[in-house]
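J.: Here is my input, please return the structure:
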Amino acid sequence: MKRFLLLTVCIALFLSAFSQDFFNTDFNKHKKYIILTNPTVANLKTIQFLVKAKLLDVNTNKMKFVGVYFTGQAYDFTQTKKFLEENEIENFYLNEIKGELTDENLFGENDCTPQLKKVFENSTGVFFFGGPDIQPEIYDEGNSLSVVTDPGRHRFETTFLFHLLGGYRNEDFKPFLEENKKYLVTGFCLGMQTMNVAAGGTLIQDIPAEIYAAETPEKTVEIGRQNLHRNYWQEMVKDSLLMGINLHTIQFTSHPFFGKAVDVSKTFYPRVLSSHHQAAEKIGKNLEVTAVSADGKIVEGLAHKKYPNVFAVQFHPEVPALYKDREKLKFHPDDQPTTYNDIIGKKSVRFHEEYWGYISYVLRKSKN
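T.: This next block holds a predicted model:
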């Protein structure tokens, strides 16, 4: 009988660990939970790398990760559940958010509000990852140059960020962070764009066309490598070694985030990894620009002026190949293949390490 009860308990714990409804289970409220939106297998592997490399330097005995996603997203999250089960990963959990979301009901209470509040109240911070174009209808524009493949994801992440931060679209709404102003909210690439849209901002739908009047790949590469935010040579030349991204420098604004929060010289121009064709245009409520591109035309970083631990970047500091040698690739057809790590150099690697060091510091100091 005792063996039967023990087996029953073990099975219950196992099912609970890999439940896709984590915050409705009898979870351990003495732990700290870090939220990962869009918890694809690739994103979980990235977090695993960052933790193992101590770039994301958190105590996984005390801090656990919960992947939170919307039932209407395009990705099949049973793949993530299977990945967790097959690899017996114990510090990652899943929580599905359900309800009806439309482009019109994101900026206020909706079906997801109670579920999002529960996630917020039981977590210490949230990451928003990169991804495809947001449907412009969310920021009241027609679609001219956006390629939208996952509208459900964008509705969910926009409403989640709006609930956290508030914005111009509904200034009577009380943001969740009013109850915990030191909660961490950060994002990369699409994550920063979504933060801006959620706060009432807009996006440039295509940088080459709208900023440089370059509407073909041939015209786009004439802008110059330093001003490209992904690699357009791959659209003109068949070469399996061409990288899809670009590694270019950025510059910091007078905002104190880079320099004070992240320990880096204001005169340093770090090289970063970009893979996007859209960018923040009108800046959302309470957001301030912390970094821009080399020519100053593209926003590369945002920080919230009211909530100190809300910040995001347009580039990708999470990519493992920045920190260790991986495959050798090239940007231009005539280049010699080189690793990302070699291209950015030791000083820029150090900048990325400082950035993750600050995120880690915020998480260690945070309270649920």
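
J.: The chain: helices as residue ranges?
T.: Using DSSP state H, the helices of the chain run over residues 2-17, 41-52, 78-86, 113-121, 151-165, 190-198, 207-212, 217-221, 340-365.

J.: Single out the most deeply packed of the ones you listed.
T.: helix 190-198 (a mean of 28; mean count of other C-beta atoms under 10 Å). Every C-beta, even on glycine, is put in place using the N, C-alpha and C of the backbone.

J.: what angle separates it from helix 151-165?
T.: 70 degrees (axes from the mean of the first three to the mean of the last three C-alpha atoms, to 10 degrees).

J.: tell me the mean pLDDT over helix 190-198?
T.: Helix 190-198 shows a mean pLDDT of 98.

J.: Mind giving me the packing neighbours of it?
T.: strand 125-128, helix 151-165, strand 184-188, strand 203-204, strand 279-280, strand 299-304, strand 310-313 (3 or more C-beta pairs under 8 Å, 6 or more residues apart in numbering; DSSP states H and E).

J.: Not counting that helix itself, show me its contacts.
T.: Contact with helix 190-198 is made by 106, 127-132, 134, 138-139, 154, 157-162, 164-165, 167, 185, 187, 202-203, 276, 278-280, 283-284, 287, 301-302, 310, 312-314, as judged by C-beta atoms under 8 Å, 6 or more residues apart in numbering.

J.: which sections of the chain are below the confidence cut-off?
T.: Low-confidence segments of the chain (pLDDT under 70): 1-19, 368.

J.: ok, the residue positioned nearest the centre of it - contacts?
T.: What sits nearest the mean C-alpha location of the chain, by C-alpha atoms, centre = their mean, is residue 129, with 2.5 Å. When contacts are counted by C-beta under 8 Å, 6+ apart, residue 129 touches 36-38, 43, 187-191, 318.

J.: Could you dump these into JSON lines with distance to residue 87 added?
T.: Shown next, in JSON lines, are those (distance: C-beta to C-beta, whole Å):
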{"residue": "36", "distance to residue 87": "16"}
{"residue": "37", "distance to residue 87": "21"}
{"residue": "38", "distance to residue 87": "19"}
{"residue": "43", "distance to residue 87": "15"}
{"residue": "187", "distance to residue 87": "26"}
{"residue": "188", "distance to residue 87": "24"}
{"residue": "189", "distance to residue 87": "27"}
{"residue": "190", "distance to residue 87": "26"}
{"residue": "191", "distance to residue 87": "25"}
{"residue": "318", "distance to residue 87": "20"}
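
J.: Nearest to residue 74, out of these: which one, please.
T.: residue 38 (10.2 Å; C-beta to C-beta).

J.: so which of the helices and strands packed on helix 190-198 comes closest to residue 82?
T.: Nearest of these (C-beta to C-beta): helix 151-165, 19.9 Å.

J.: Which strands or helices does the closest one pack on?
T.: Against helix 151-165 (3+ C-beta pairs under 8 Å, 6+ apart) you get strand 32-37, strand 63-70, helix 113-121, strand 125-128, strand 184-188, helix 190-198.

J.: Cool, thanks, signing off.
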